[in-house]
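A.B. asks: Take this sequence and fold it.
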Amino acid sequence: MAARASGAVADMCAAAAGKAFSMMAGRARMNSEAMKSAPKPSADTAATSAAAWERIESFIESDPSVKREVDKIKAEKSAVAH
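C.D. replies: Down below sits the predicted model:
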């Protein structure tokens, strides 16, 4: 009786381990496929990003109401961080 119960428990554990392994392998495969399809940074990404941030900065500086709002957000964020 104990041997039979022990065998049943071992079979359940083996089945559970097999399912867990299959799920992990499936996730790894999905993550790998997602990484392959994700856009890769290119040499001009840094320059494009820098230009975009410069445009945003100039917009903020040109509009006083936007500048006040940005300063308010910065103040709130710095208060939360400390």
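A.B. asks: how deep is Val70 tucked in, by neighbour count?
C.D. replies: If you count neighbours by other C-beta atoms under 10 Å, Val70 ends up with 15. To be clear about C-beta, it is placed using only N, CA and C from the backbone, and glycine gets the same treatment.
A.B. asks: so what's it scoring on pLDDT?
C.D. replies: For Val70, the pLDDT comes out at 89.
A.B. asks: Equivalent analysis for Met1, please.
C.D. replies: On the pLDDT scale, Met1 gets 58.
A.B. asks: How about the one 4 residues further on?
C.D. replies: Ala5 is assigned 62 on the pLDDT scale.
A.B. asks: do the one 10 residues further on as well
C.D. replies: The predicted local distance difference test score for Ala15 is 66.
A.B. asks: Pro39 too?
C.D. replies: At Pro39, the pLDDT value in this model is 65.
A.B. asks: So, low pLDDT: which residues of this protein?
C.D. replies: Judged by pLDDT under 70, the chain has its weakly predicted residues at 1-18, 20-43, 81-82.
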